[in-house]
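**Student:** Quick check, what structure comes out for this input:
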Amino acid sequence: LADDFTGAHDVGLPFAVSGFKTVVINSPEHLASVEADIIVIDTGSRDCSETEATQRLQKACCAIKEQNADLIYKKVDSTLRGHIGAEIACVQRMLGQRATILCPAFPALGRTTVGGYHLLDGIPVDQTATGRDPGSPVATACLSDLIRFQTSLDVYNIDLKIVSAGEGAIKEVLNQSPTASLVVLDAATPEHLKNILAAVDVGAQDTLICGSAGLAGSMADYYCETPDSTDPPYEEERPSTGPVLTIAGSVNHVSLQQVAVASNIPEIEVLYLDLNTLLSDNSESEIIRVADTALSHLAVGSDVVIALAPNSEDRIARDDKVKASGGDCSLVVYLADCFGEITKILMGSCSPSGLVLTGGETAERVVQHLGSHGARLTGQIMDGVASAVLLGGPYQDIPLVLKPGGFGDPDGLITCIKHLHASDAKAT
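**Tutor:** Have a look, this model is predicted:
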C-alpha cells in the first residue's frame, strides 16, 4: 500500500529486480484482475485531506481482505510526507492488526532515523525543503510527535544502539513492549534494516510492517535468500524509434536542478509552463501553446522536457487552493492535471519512444489521462527510480521511467532519458 504513484514504483522496485513479477495499480478495483507476485496499490492519498486519505485506505483494505493477501506492507514516504499516522491507524483497524513496526529510513539515499528523529542527509526533515513541500509539508522530524498528532496509537522507540546490537537485542526489546501499538525503529545503514527484518516476524498476520523502499529492499532480500525463479525481470520492448517525452511536474529542488542540467543538452528541448497563465482565465491557451511547441520539437526527433517555470515553488506553497472546473481542488492536483492534459494531446499526435514522469501526483494524473490503470515494473535505473511499461488503455506497454522528485543526482533526468533511448535501440 503506497500513498503516491512514483513512491509505489519505488517500493516495488526491489522485488522487481529480484525476479518477482511486480505491478502498480492506481485503484483497488483492479486488484482482483491483476496477476502478479507483488501488487502495489497506489491510493494517491499523500496530498489530499486526512479524511479523504482514510476513506481511500478503507477502500483499499476492503479489496485486500477479499483477495486474502499473504503479506501486507504499508509504504511511507522516506521524508515523512503524507498522513503517516492516520493511514497506519486505518490499516491496523481495517485488517485487525495488533501492532505496527515502522522504519522509514532509506540509508542508500541519505534518509536515516536517529533517536526517533528522521534526517535527510543529516538534517531534520522539517528543516529541509520537505518542510515546505507544496502538497504535504512536514511539520516535525520527531516520529513519535508526528504519529501522535494524527492518532492515539501508543508509540515506542527502539534506538540506534539497540538496532546496531543486532537481531537478538531488537527481539528482546520488542518482547518487553507488548502494549505498544506502534514501534518506531532507528536505522542509519543497510545493515540496520537487515537486523530489523531478521528480528521481526515478517509473516505474522497481527503485525503491520511499515517503512520506505529502504526496508522493502531488505524484505525483498529476505524472500530471495532461496529464490524460486532465476528468471530475469521482464524487459520492455518497443519496435519503433522516436524521441523521449519527459513530464517533470515535481518542484522539489532536486528535480528542478535536474531539469536545469538537462536544458544544457543540445538534443533536449526544455519547455516551461507559465504558472501565472495557468492560474488565469487563459489556462487552456497556455496548455495548447506548450503542447503545440512540444509537438513541433518531437516531430523533428528532439527529446522534450516539460516543466513548471523556475521559481514556481513559492507560489504553489503559498496558494494551496485554486478554483478549477468543478470546484475547489488542490493546486498540486490541478497542475498535475494540466500536465496530464498536455501529455494526452501529445500522445495522440506523435509516437515517442517512452515517457519519463517525475513527481508522484504528476505521474499518477498523467497515467490516468492516458486511460491506464497502472504499470508493470521492468527494472531499476538508479536507486529508487524504476523502469516500467503502462498497463491498460490505448497506450499499453509504452515504456516509462518513474522518478520521485527528490531522487537522483544532477544528471538524473538525463540518465532516465538515455535509458529509454538505449531500450529503444535494443528493441530496434
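
**Student:** can you give me the helices for the stretch 1-150 of the chain?
**Tutor:** With helices called from DSSP state H, counting those that start in this stretch, the stretch 1-150 of the chain shows them at 5-17, 50-67, 84-95, 143-150.

**Student:** what's the next secondary structure element after the shortest one?
**Tutor:** Under the assignment DSSP states H and E, the closest C-terminal helix or strand after helix 143-150 is strand 155-158.

**Student:** Please report how far residue 352 lies from residue 173.
**Tutor:** Per CB to CB, to the nearest Å, residue 352 is found 52 Å from residue 173. C-beta: built from backbone N, CA, C; applies to glycine.

**Student:** So between these two, which is more surrounded?
**Tutor:** Neighbours were tallied for residue 352 and for residue 173 using other CB atoms under 10 Å; the higher tally belongs to residue 352 (24 against 19).

**Student:** that's a helix at that one, yeah?
**Tutor:** No - counting by DSSP: H, G, I helix; E, B strand; the rest coil, residue 352 is not found in a helix; it is coil.

**Student:** correct me, but it touches residue 246?
**Tutor:** No - taking contacts as CB atoms under 8 Å, residue 352 lies outside contact range of residue 246: 9.5 Å.

**Student:** can you redo the helices of the stretch 1-150 of the chain as TSV with distance to residue 184 and mean neighbour count?
**Tutor:** Formatted as TSV, the helices of the stretch 1-150 of the chain follow (distance: least, CB to CB, whole Å; neighbours: other CB atoms under 10 Å):
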stretch	distance to residue 184	mean neighbour count
helix 5-17	19	28
helix 50-67	20	17
helix 84-95	11	21
helix 143-150	5	18
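
**Student:** Of these, which is nearest residue 302?
**Tutor:** Among the helices of the stretch 1-150 of the chain, the nearest to residue 302 by CB to CB is helix 5-17 (25.0 Å).

**Student:** so how far is the closest one off the chain centroid?
**Tutor:** Distance of helix 5-17 from the chain centroid (CA atoms, centre = their mean, to the nearest Å) equals 8 Å.

**Student:** tell me what that helix is packed against?
**Tutor:** Packing partners of helix 5-17 (3 or more CB pairs under 8 Å, 6 or more residues apart in numbering; DSSP states H and E): strand 22-25, strand 38-41, strand 73-75, helix 213-223, helix 360-369, strand 374-382, strand 385-391, strand 399-403.

**Student:** Neighbouring strands of the shortest one in the sheet, and parallel or not?
**Tutor:** According to DSSP bridges, strand 73-75 forms sheet pairs with strand 207-211 (parallel).

**Student:** List of residues touching the strand it pairs with?
**Tutor:** Applying CB atoms under 8 Å, 6 or more residues apart in numbering, the contact partners of strand 207-211 are 71-76, 88, 91-92, 95, 97-105, 200-202, 215, 219.

**Student:** and the angle from that strand to helix 84-95?
**Tutor:** For strand 207-211 against helix 84-95, the angle by axes from the mean of the first three to the mean of the last three CA atoms, to 10 degrees is 150 degrees.

**Student:** Please export the alpha-carbon coordinates of strand 207-211; PDB is fine.
**Tutor:** Listed next in PDB are the C-alpha coordinates belonging to strand 207-211 (Å, rounded to 0.1, in the frame of the first residue of the first chain):
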ATOM      1  CA  THR A 207       1.700  -7.200  12.800                       C
ATOM      2  CA  LEU A 208       1.900  -4.500  10.100                       C
ATOM      3  CA  ILE A 209       5.300  -3.900   8.600                       C
ATOM      4  CA  CYS A 210       5.700  -0.300   7.600                       C
ATOM      5  CA  GLY A 211       8.500   1.700   6.000                       C
END
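
**Student:** Return the set of buried residues in that strand.
**Tutor:** Residues 207-211 are the ones in strand 207-211 that count as buried (16 or more other CB atoms under 10 Å).

**Student:** average model confidence for it?
**Tutor:** In this model, strand 207-211 has a mean pLDDT of 94.

**Student:** Same check on stretch 176-196?
**Tutor:** Stretch 176-196 shows a mean pLDDT of 91 in the predicted model.

**Student:** Give me the contact list for it.
**Tutor:** The contact list for stretch 176-196 (CB under 8 Å, 6+ apart) reads 88, 92, 98-103, 105, 107-108, 112-116, 143-144, 147, 153-160, 163-164, 166-167, 170, 174, 214-215, 217-218, 221.

**Student:** where exactly do the strands run in the stretch 201-350 of the chain?
**Tutor:** 207-211, 244-248, 268-273, 303-308, 321-324, 327-330 (DSSP state E, counting those that start in this stretch).

**Student:** that older thread, between the helices of the stretch 1-150 of the chain, which one is closest to residue 36.
**Tutor:** It is, among the helices of the stretch 1-150 of the chain and with distance given as CB to CB, helix 5-17, at 9.4 Å.
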